[in-house]
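**Q** Here's my sequence, what's the structure:
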Amino acid sequence: MSTMDTIIKLENLNVYQEDKLILEGINLAVEKGNFVYFIGKVGSGKSSLLKTLYAELPITEGTAEVCGFDLKTLKRNKINLLRKKLGIIFQDFQLLTDRNIYENLHFVLKATGWKKKNEIDQRINEVLERVKLPDKIFSMPHQLSGGEQQRVAIARALLNNPEVILADEPTGNLDPETSKEILDILTEIQQNGRAIVVATHDYELLKLHPSTTYRFDNKTVTLV
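**A** Below is the predicted model:
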């Protein structure tokens, strides 16, 4: 792959939470259209690395490039531009519980600069079709199952046509059958050209959809 195809590139990266070293000397690359797992037990640094990739944790040692942004020199007021190129999915869904699914997705689009109602409505319908939930558009989050809530979270992550989806334990709260459904949706998204990074401690996912895997253990990250 040429460097033009590399969407995430980390070299000799150290990751800190405040003053505590979490990960040391990371070297990895993710290409456009790749599906990559970060696997390791809880507390091994997977979430910390994801937070580094979306610029929640600052970089002091080593280099990191994501979607063409140098994270070491990225100014705080430019972080929103990076995050427009990323879709982020959390284990606990993080839907706004006081509003319906349409309003959840509408909120994100307005916050990221969409203005025309017809375009907003069209995009919301498109992403809900993508995750097979068009009929849930006016449901409240509590009316949905855990799997449906996670599918809405995936729809939300797709709203701005991101180059990369970062999924932090996306099946952590779900049963095995529902986990497979979520993985199938993520695989379909990857096959349409987006890079997918899934952080998980669930080795069963790797059996369902084997792919490039980095193991997190004892502050190191190694390609399996």
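**Q** Would you mind measuring from the closest residue to residue 83 other than its chain neighbours to residue 166?
**A** Nearest non-adjacent residue to residue 83, counting by CB to CB, 6 or more residues apart in numbering: residue 54, 6.0 Å away. Just so you know, the C-beta spots here come from the backbone N, C-alpha and C atoms, and that holds for glycine as well. Using CB to CB, to the nearest Å, one gets 6 Å for the distance from residue 54 to residue 166.
**Q** which neighbours do these two share?
**A** Common neighbours of residue 54 and residue 166, counting by CB atoms under 8 Å, 6 or more residues apart in numbering, are 86, 88.
**Q** So for these two, which sits in the more crowded spot?
**A** Higher neighbour count among residue 54 and residue 166: residue 166, with 25 against 19, using other CB atoms under 10 Å.
**Q** how far is stretch 39-54 from where the chain is centred?
**A** Centre-to-centre, stretch 39-54 and its host chain are 12 Å apart (CA atoms, centre = their mean, to the nearest Å).
**Q** Repeat that for stretch 161-168.
**A** Stretch 161-168 sits 4 Å away from the centroid of its parent chain (CA atoms, centre = their mean).
**Q** Same question for stretch 57-76.
**A** That offset, for stretch 57-76, works out to 17 Å (CA atoms, centre = their mean).
**Q** who's in contact with that stretch?
**A** With contact meaning CB under 8 Å, 6+ apart, stretch 57-76 is reached by 6-17, 25-26, 48, 51-55, 78, 81-82, 85-86, 163-164.
**Q** do that again at 7 Å, thanks
**A** Stretch 57-76 has contacts (CB atoms under 7 Å, 6 or more residues apart in numbering) with 7-17, 48, 51-53, 55, 82, 85-86, 163-164.
**Q** next one: stretch 128-140
**A** Contact with stretch 128-140 is made by 100-102, 125, 144, 148, 151-152, 154-155, 158, 185, as judged by CB under 7 Å, 6+ apart.
**Q** Can you report how many residues neighbour residue 112?
**A** Residue neighbour count, defined by other CB under 10 Å, stands at 12 for residue 112.
**Q** my read: residue 87 touches residue 155, true?
**A** No: applying CB atoms under 7 Å, one finds residue 87 not in contact with residue 155, separated by 9.6 Å.
**Q** Could you check how far the most centrally placed residue in the chain is from residue 150?
**A** Closest to where the C-alpha atoms of the chain average out (CA atoms, centre = their mean) is residue 166, at 1.7 Å. Residue 166 is 14 Å from residue 150, where distance means CB to CB.
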